[in-house]
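J.: Could you look at this predicted model? Sequence included:
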Amino acid sequence: MPRVTLEVATETLRLAQPFRISGHVFESSDVVVVTLRDGPMSGRGEGGGVYYLGDDVPHMLAELASARSVIEAGVTREALRTLMPPGGARNAVDCALWELDSARKDTPVWKLAGLPAPRRLRTTFTVGADTPAAMADVARRYAQARSIKAKLTGDLALDIARVRSIRAARPDVWLGVDGNQGFEFSALGPLVAALHAERVSLLEQPLARDHEAELEGYVSAVPIAGDESLLTLADLPGAVGRFQVVNIKLDKCGGLTEGLLMAAEARRLGLNVMVGNMIGTSLAMAPAFVLGQLCDVVDLDGPTFLARDREPGVEYVDGDVWAGPAVWGSGAAV
């Protein structure tokens with residue numbers, strides 16, 4: 001008999017309204033939910049995949065089917081990093097293993113990871129790309145937000161107008177922007193100058209993946225974060241001299257195990273650390289919340305875009321996110 005039983009389900013998460021970024025509009029998101037059972041104990045994980053790499057639900061299901069026998073035989077989290085490639089499927093299994101081990105040892109995940117007791121984290125709230133006036137209106141409606149991240153599209157004049165409009169509406173907040181690969185290198189000079197003038201604190205992934213070398217030696221008045229350019233631990237050496245911040249997402253790197261390794265290596269390389277998320281429920285946010293305890297910038301607002309989240313879910317209060325023990329990884333049998 002297998003040591004654990006692997007259960008796999010798929011879900012379609014409906015967004016409350018369409019969400020636009022550079023080159024893509026989301027109205028829903030399909031995810032894979034993995035449950036690992038060992039007698040009365042179980043562990044859960046949610047994988048959303050990486051849309052720009054073709055890591056969708058059929059791809060994730062195929063990877064899970066291929067690895068099923070080894071997973072059910074009792075794979076370790078470290079062995080999983082060799083067994084499965086990085087992506088949403090491995091993320092779901094890895095997070096399920098963390099919660100299962102937490103239940104087996106009656107110890108919360110944060111303690112298994114060697115971290116102090118978790119604290120509430122200031123998170124960004126994301127404004128999707130729209131007209132400057134509409135984005136400013138969304139920023140105003142985020143009354144509790146203390147940090148806001150605006151999606152840009154690569155239209156330089158329009159993007160600068162968007163940022164100015166948001167800053168005028170919310171002069172009080174920490175403000176970052178995300179280019180989602182939408183800009184050419186030639187636009188960076190005027191873009192960064194305008195962002196700096198509006199007290200923008202972070203420029204995320206302005207150039208397309210595989211164009212990282214164009215940033216070599218570039219001195220920016222606004223710190224630049226790598227997202228699509230920095231998927232896994234193996235990508236981090238190439239970040240030095242090009243990016244100042246590493247955005248770690250569990251779906252990209254393949255789980256909390258790799259995410260923790262990335263955070264430690266980024267620090268060693270002198271880089272700041274950010275945790276982000278794909279569209280997902282609180283089950284996807286909770287493991288990232290553990291990683292967020294080590295991060296300088298936290299972007300874990302995924303459930304706020306959904307028509308319906310899981311219950312119990314993470315809490316958003318006064319601009320902070322809190323993933324309580326009832327959500328995931330408490331150490332109790334689930």
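T.: Great, that's in hand.
J.: Could you check how far the nearest residue to residue 313 once chain neighbours are set aside is from residue 63?
T.: Closest residue to residue 313 apart from its sequence neighbours, by Cβ to Cβ, 6 or more residues apart in numbering: residue 282 at 3.8 Å. Yep, even glycine has a C-beta here, placed from its N, CA and C like the rest. Summarising the geometry, the distance separating residue 282 from residue 63, computed by Cβ to Cβ, to the nearest Å, is 24 Å.
J.: same question, residue 69
T.: 13 Å.
J.: With residue 264 instead?
T.: Here the criterion is Cβ to Cβ. By it, residue 264 lies 26 Å from residue 63.
J.: and if you look at residue 4?
T.: Taken as Cβ to Cβ, the span from residue 4 to residue 63 is 17 Å.
J.: Which helix or strand lies directly C-terminal to the longest strand along the chain?
T.: Secondary structure of the chain per DSSP state E: the longest strand is strand 5-21. Helices and strands here follow DSSP states H and E; after strand 5-21, the next one along the chain is strand 24-38.
J.: Pull out the buried positions in that following strand.
T.: With burial defined by 16 or more other Cβ atoms under 10 Å, the residues of strand 24-38 counted as buried are 26, 29-38.
J.: Neighbouring strands of the next helix-or-strand element following it in the sheet, and parallel or not?
T.: Scanning the chain past strand 24-38 towards its C-terminal end, the next helix or strand to appear is strand 41-47 (assignment: DSSP H and E). Applying DSSP bridges, strand 41-47 is found paired with strand 24-38 (antiparallel).
J.: okay, the angle between the strand it pairs with and strand 5-21?
T.: Here the directions of strand 24-38 and strand 5-21 differ by 160 degrees (axes from the mean of the first three to the mean of the last three Cα atoms, to 10 degrees).
J.: I would like the C-alpha coordinates for strand 24-38, written out in PDB, please.
T.: Output in PDB follows, covering the C-alpha atoms of strand 24-38 (Å, rounded to 0.1, in the frame of the first residue of the first chain):
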ATOM      1  CA  HIS A  24      -3.200  39.800 -20.900                       C
ATOM      2  CA  VAL A  25      -6.700  40.200 -19.400                       C
ATOM      3  CA  PHE A  26      -7.900  37.800 -16.700                       C
ATOM      4  CA  GLU A  27     -11.500  37.000 -16.200                       C
ATOM      5  CA  SER A  28     -11.000  33.700 -14.400                       C
ATOM      6  CA  SER A  29      -8.100  31.400 -13.400                       C
ATOM      7  CA  ASP A  30      -7.900  27.700 -13.300                       C
ATOM      8  CA  VAL A  31      -6.000  26.000 -10.500                       C
ATOM      9  CA  VAL A  32      -5.000  22.600  -9.300                       C
ATOM     10  CA  VAL A  33      -5.600  21.600  -5.700                       C
ATOM     11  CA  VAL A  34      -3.600  18.700  -4.300                       C
ATOM     12  CA  THR A  35      -4.400  16.800  -1.100                       C
ATOM     13  CA  LEU A  36      -2.000  14.300   0.400                       C
ATOM     14  CA  ARG A  37      -3.500  11.900   2.900                       C
ATOM     15  CA  ASP A  38      -1.800   9.800   5.500                       C
END
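J.: residues in contact with residue 28?
T.: With contacts defined as Cβ atoms under 8 Å, 6 or more residues apart in numbering, the neighbours of residue 28 are 12-15.
J.: Recalculate using a threshold of 6 Å.
T.: Under the criterion of Cβ atoms under 6 Å, 6 or more residues apart in numbering, the contact partners of residue 28 comprise 12, 14.
J.: how much space between it and residue 332?
T.: Per Cβ to Cβ, residue 28 is found 32 Å from residue 332.
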